[in-house]
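[1] please find the sequence and the predicted model below.
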Amino acid sequence: PSLLREMAFTIPAECFDDIGGMDSTITELKSIIEDLVDHKPTFDTYRMPLPRGMLLYGPPGCGKTILAKATANAGRTHFLQIRGPELIDKYVGESEARVRRIFARARSVAPCIIFFDEIDALTKKRTGVNEGCATLDGVLTQLLTELDGMIDCKGVFALLRPGRLEKLVHIKMPREDSRAAILRRLLCKFDPHQLKVDIEKIAKHSSGYSGADLRELCRNAFRHAIRAVNPGRDGTMADVTLSPEDFIRAFGESGPSVSKQTIQEY
Ligand code: ATP
């Protein structure tokens with residue numbers, strides 16, 4: 001029942017403009033959404049299969065979820081996020097049935113993007129000793145079967161990690177120039193005169209930070225800045241200026257969250 005309750009289709013608010021440092025991946029996703037939404041009749045007429053699925057893999061906090069949501073936003077398609085572990089049920093056949101229900105629901109609201117998150121949890125447990133092993137295999141098989149069955153896919157597109165998919169896209173930890181691009185996206189609501197900081201310098205000093213870590217850094221800096229201007233405690237808007245000191249303090253408060261080992265695993 002919890003899964004059914006969570007089968008909430010949305011059109012996400014996140015968009016490609018919110019994302020920094022991933023231009024080539026965004027170009028690719030834009031062309032897929034074009035095929036699914038704008039070119040669907042043409043694909044159908046010539047009996048060419050529409051793209052069905054894509055695997056995004058990489059360390060946590062580097063933008064897989066925001067990319068998936070922005071893709072749905074760009075196509076004005078429905079979006080459904082399913083966490084891998086939610087698919088697991090101890091009763092025989094129930095996990096597979098859940099996968100079938102998800103795809104059936106998605107077809108009924110197509111065009112739709114299903115984002116299967118934490119699919120790696122399913123594969124990792126496969127080698128474990130716990131009882132759920134058979135089920136886990138079954139769930140993956142069912143996922144792939146549903147994807148294969150989507151030759152006539154009626155505009156459903158799945159984004160997930162491991163599987164028999166057309167495209168594998170590695171979402172990497174951002175390098176210095178990408179970090180600068182991400183910071184610019186995260187701080188885009190500030191006027192130039194409100195940004196008394198050197199974005200390039202922050203990017204240089206944040207080696208090992210994921211996009212999510214950069215967001216936390218900016219948030220902490222902002223919390224210092226907002227106190228410095230002593231703004232309206234009455235709920236009115238404050239004119240906030242970010243200074244180097246705010247970032248120096250923020251750097252002392254949070255750091256990179258992804259371990260070297262995790263980065264190497266990808
Ligand atoms: P996880 O595997 O932990 O779910 P993820 O790769 O899906 O991680 P997101 O959840 O998309 O990462 O990223 C977390 C947050 O970090 C985003 O909501 C966004 O605010 C910020 N972020 C991450 N990468 C970027 C980016 N390239 N540009 C702008 N913001 C980013």
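    That came through, no problem.
[2] gap between the closest residue to residue 65 other than its chain neighbours and the ligand?
    Excluding the flanking residues, the one nearest residue 65 by CB to CB, 6 or more residues apart in numbering is residue 117, at 6.7 Å. Yep, even glycine has a C-beta here, placed from its N, CA and C like the rest. Between residue 117 and the ligand the computed distance is 6 Å (CB to the nearest ligand atom, to the nearest Å).
[3] please apply the same query to residue 251.
    Counting by CB to the nearest ligand atom, the gap from residue 251 to the ligand is 17 Å.
[4] can you check residue 242 too?
    For residue 242, the distance to the ligand - CB to the nearest ligand atom - is 17 Å.
[5] give me the neighbour count for that residue.
    22 (other CB atoms under 10 Å).
[6] for it, name its beta-bridge partners.
    residue 195 (DSSP bridges).
[7] where does the stretch 1-150 of the chain come near the ligand, residue by residue?
    Within the stretch 1-150 of the chain, the positions near the ligand by CB under 6 Å from any ligand atom are 18-22, 60-66.
[8] go ahead and flag the most central residue of the chain.
    What sits nearest the mean C-alpha location of the chain, by CA atoms, centre = their mean, is residue 65, with 1.0 Å.
[9] for residue 67, helix, strand, or coil?
    Of the three states, residue 67 takes helix under DSSP: H, G, I helix; E, B strand; the rest coil.
[10] is it true that it touches residue 171?
    Yes. Between residue 67 and residue 171 there is a contact at 7.2 Å, judged by CB atoms under 8 Å.
[11] who touches both of these two?
    Jointly contacting residue 67 and residue 171 under the rule CB atoms under 8 Å, 6 or more residues apart in numbering are 22, 25, 56.
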